[in-house]
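**Q** Let's see this in three dimensions:
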Amino acid sequence: MEIDDLTPAEAQVWRAVPRGEAVDFRTPGREDPADGASWGPERTVRASVLRYLLVNCPREDGEIPSLSLAGARVTGLLDLQYATVDQPVRLSHCHFDEAPRCYGARLRELNLSESVLPGLVSHAVTVDGVLRLTRCRFLGRVRLGGAQISGSLYMESAAFADPDLTQPVLQLNQAVVGADLWAPGLRAEGPVRLNGAKITGSVNLTEARLHNPGQCAVDAETLTVEGDVLIRQADVDGWIGLRGARVTGRLDLSYTRLSNPGGTALRASSAALGELWLRRGPAVEGTLNLRRAQLEVLFLDPGTAPGQVLLNGLVYTTLTPHEPAAHRLPMLERDREGYVPHAYEQLAEAYRRIGDDDAARLVQLAKQRRHRRTLPWYGRMWGVVQDATVGYGFRPLRAAGWLLSLLTVGSVAYALHHPRALKASEAPHFHPVFYTLDLLLPVISFGQEAAFAPDGWYQILSYVLVITGWILASAVLAGVTRTVSRS
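**A** Sure thing, here's the model as predicted:
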């Protein structure tokens, strides 16, 4: 290619690249690169010219070449497939007629900030520095699957859309980012795919707007992040998938609206997270799936908890903020799998770790009551007895209350009407209190029950006291056994 074949605008770029000089075609005042199709030849550059400069860049002694172009309309296909480009590429505030192709290319740095593009095809691209897509607007799919980026990937306030909502508008599956994925304010109208990606730093999607109602908003299965994943103050329509993800720091969904009515809003089953924060936001619309997840800290505001959950196998060390058990238990009742014993045990253990034994006992009592609803009628009846008498062993003072009440009734009744002695010459002195205790306590004997025989309704009362005593003793024994075995 010769300079004689170039337009004045292209010739200006041709002379600037070897010297590393910037070329800026922007005019004073506000202009929108989306209107770039109407820009004239004075700011139009063919993609073939840019490709030639990048692949066969002329050099001048003592200068460091680079392509730094702003405010241009790029016509034709910028095809860098499998190319090796040693100089930085900066194409900001530009309008592209066709989606650039960088499949398998090796680039030093790529900056497309504030440009408008019909897409980007960059599977398996290698960027030795940073990839900057800040405030870019993509009108088609961005394919960065398998990309290797040694620095950070910047996508602040970038917008992604594609008429075909069945395909991801942003593909970063299996990508490797050596620093941060920095994308606060990102807008996506369609699925974002991050499954299998590895991020050495953190992922920042604060104030992002992810819109794909009823479908996948973010697919991040088996994502690995060594820092934090921040999705704070975001608005998500559709589901977020984090099954099998590994996040060393925290997954922070504070102040975020998660909405996928009738489906799963957050799927983090089998994930390993340092911390999960769900706080200060509206109640999750959809199911929260944390089955088999492992967390160090679960920061969950009761008001943020959704109408349905899946918690079987969830393991967490710390639950915060500290709330009364009565505020936490309703969520366990909403498990889609029904009665999940493990969820109650985890909650009770979390209270025990911070020394709130009363709350732990309340959770264990709620567990037994929930379990009772799964039993046949006779099992439910026995459960009611245990609950009413000793609270399944977690309310032992109830047994004392029942005992004192029955002892009072029996003592008063037999004090007013002494039962007759079976052998008057051998009978001990009648004592109504110890006689009633003989009837109530199936093991201890004071010699009163065997010496006296009531009649009439007093005999019926004795039968009631004997039966009640056995039931009370059995319930106490069952409750104590359950408590001891748990300890």
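**Q** Would you mind measuring from residue 206 to residue 387?
**A** 48 Å (Cβ to Cβ, to the nearest Å). Quick note: C-beta positions are derived from backbone N, CA and C, even for glycine.
**Q** and what of residue 90?
**A** On the measure of Cβ to Cβ, residue 90 and residue 387 end up 72 Å apart.
**Q** What's the local residue count around the residue nearest to residue 379 when sequence neighbours are not counted?
**A** The spatially closest residue to residue 379, leaving aside those adjacent along the chain, is residue 372, at 7.3 Å (Cβ to Cβ, 6 or more residues apart in numbering). Counted with other Cβ atoms under 10 Å, residues neighbouring residue 372 total 18.
**Q** Then residue 60?
**A** Neighbours of residue 60 under the rule other Cβ under 10 Å: 12.
**Q** again, but for residue 379
**A** Neighbours of residue 379 (other Cβ under 10 Å): 12.
**Q** helix or strand right after the helix or strand hosting it?
**A** Using DSSP states H and E, residue 379 maps to helix 377-390. Sequence-wise, the next helix or strand downstream of helix 377-390 (DSSP H and E) is helix 397-416.
**Q** secondary structure class for the most far-flung residue of the chain relative to its centre?
**A** Distance from the C-alpha centroid of the chain peaks at residue 425, with 79.7 Å (Cα atoms, centre = their mean). Put simply, residue 425 is coil when judged by DSSP: H, G, I helix; E, B strand; the rest coil.
**Q** Quick check: residue 161 vs residue 260, distance?
**A** From residue 161 across to residue 260, the span is 20 Å (Cβ to Cβ).
**Q** Between those two, which is the more surrounded one?
**A** Comparing residue 161 with residue 260 by other Cβ under 10 Å, the one with more neighbours is residue 260, at 25 against 16.
**Q** Show the model's pLDDT score for the more buried one.
**A** As predicted, residue 260 sits at a pLDDT of 95.
**Q** if I pick the closest residue in space to it that isn't next to it in sequence, what's in contact with it?
**A** Distance criterion Cβ to Cβ, 6+ apart; nearest residue to residue 260, sequence neighbours excluded, is residue 286 at 3.8 Å. Neighbouring residues of residue 286 by Cβ atoms under 8 Å, 6 or more residues apart in numbering: 239, 258-266, 306, 308.
**Q** Make a PyMOL selection of the buried ones in these.
**A** A single PyMOL command selects the buried members of the contacts of residue 286 (16 or more other Cβ atoms under 10 Å):
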select buried, resi 239+258+259+260+264+265+266+306+308
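**Q** Just flag the most distant two among the contacts of residue 286.
**A** The span of those, defined through Cβ to Cβ, is set by 262 and 266 at 14.4 Å.
**Q** for the protein, what helix or strand is lowest in average pLDDT?
**A** helix 457-486 (a mean of 70; mean pLDDT, DSSP states H and E).
**Q** what residue ranges in the stretch 1-150 of the chain score low on pLDDT?
**A** 1-3 (pLDDT under 70).
**Q** contacting residues around residue 240?
**A** Neighbours of residue 240 in contact, by Cβ under 8 Å, 6+ apart: 210, 217-218, 220, 231, 258, 265-267.
**Q** Could you report the distance from the residue nearest to residue 379 to residue 339?
**A** Noted for residue 372: a distance of 10 Å to residue 339, by Cβ to Cβ.
**Q** same deal with residue 454?
**A** Taken as Cβ to Cβ, the span from residue 454 to residue 339 is 46 Å.
**Q** neighbour count winner among the two?
**A** Neighbour totals were compared for residue 454 and residue 339, and residue 454 leads with 19 against 15 (other Cβ under 10 Å).
**Q** Need the pLDDT of that one.
**A** The model's pLDDT for residue 454 equals 84.
**Q** Need phi/psi at it.
**A** phi -70, psi 170 (degrees, to the nearest 10).
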